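1. Model the structure of this input:
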Amino acid sequence: VIAIAQLMIVLDASVVTIALPSAQRALHISVANRQWALTAYTLAFGGLLLIGGRVADFMGRKRMFIISLLGFAAASALGGLAQDSAMLFGARALQGAFAAVMAPASLSLLTVTFTEPKERAKAFGVYGAVAGGGAAIGLVLGGLLTEYASWRWTLLINVPIAIITAVATGREVKESRA
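-> Alright, predicted model coming up:
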């Protein structure tokens, strides 16, 4: 479940890149402003990452992981249903903010869940492989969804995945805090 969450974080950094021209046409975004669909996510994610880790440590890693998954799903739905550029940019910033809590919470959960060195190495290997491959998968997935469905699905696809992952986390992951 943690690897799926990491995949969503990395995918959303790249999947919108391919869908951006379609979103630009649909929402009448100017050429000067279209980069904000990417920048809003990245800026919020990078700017809030350290705070997200502290919040997860104090409020409970599992709790914050689930909250951030559901928040990420809500922000994705908001972006997928955006009616104008401001709504899309705001949704992308919200996605980045929730991802900034989800990423450190997931790493902390991996660390406390897998305590044996061999198991921990496997877990972090999977996590790293997903993180590394997610960007490439995002470009391909963005192209497929934009071509055969709509640019909106590059965001809406996160909703069921995040909800299923949150439910699985509630069942499979144990709570921990600093």
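2. need the contact list for the residue nearest to residue 163 when sequence neighbours are not counted.
-> Nearest residue to residue 163, sequence neighbours excluded (C-beta to C-beta, 6 or more residues apart in numbering): residue 73, at 5.7 Å. (Each C-beta comes from the backbone N, C-alpha and C, glycine too.) Contacts for residue 73 were tallied using C-beta atoms under 8 Å, 6 or more residues apart in numbering; they are 158-159, 162-163, 166.
3. before we move on, what about residue 166?
-> Applying C-beta under 8 Å, 6+ apart, the residues near residue 166 are 66, 69-70, 73.
4. if you set the cut-off to 10 Å instead, what comes out?
-> Contact partners of residue 166, counting by C-beta atoms under 10 Å, 6 or more residues apart in numbering, are 1, 5, 65-73.
5. tell me which element it is part of?
-> Following DSSP states H and E, one finds residue 166 within helix 158-172.
6. cool, and residue 8?
-> Assessed by DSSP H and E, residue 8 sits inside helix 2-27.
7. Mind jotting down where the helices sit in the chain?
-> Secondary structure of the chain (DSSP state H): helices located at 2-27, 36-59, 61-80, 85-113, 117-148, 153-156, 158-172.
8. Could you export these as JSON lines, including mean pLDDT?
-> Shown next, in JSON lines, are the helices of the chain (pLDDT from 0 to 100):
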{"stretch": "helix 2-27", "mean pLDDT": "91"}
{"stretch": "helix 36-59", "mean pLDDT": "94"}
{"stretch": "helix 61-80", "mean pLDDT": "97"}
{"stretch": "helix 85-113", "mean pLDDT": "95"}
{"stretch": "helix 117-148", "mean pLDDT": "91"}
{"stretch": "helix 153-156", "mean pLDDT": "95"}
{"stretch": "helix 158-172", "mean pLDDT": "94"}
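9. quick one: residue 114 and residue 124 touch, right?
-> Yes. Between residue 114 and residue 124 there is a contact under C-beta atoms under 10 Å: 8.0 Å.
10. Overlap in contacts, those two.
-> Counting by C-beta under 10 Å, 6+ apart, residue 114 and residue 124 have no shared contacts at all.
11. Is residue 81 in contact with residue 156, as I believe?
-> Yes. Applying C-beta under 10 Å as the test, residue 81 and residue 156 come out as touching, 7.8 Å apart.
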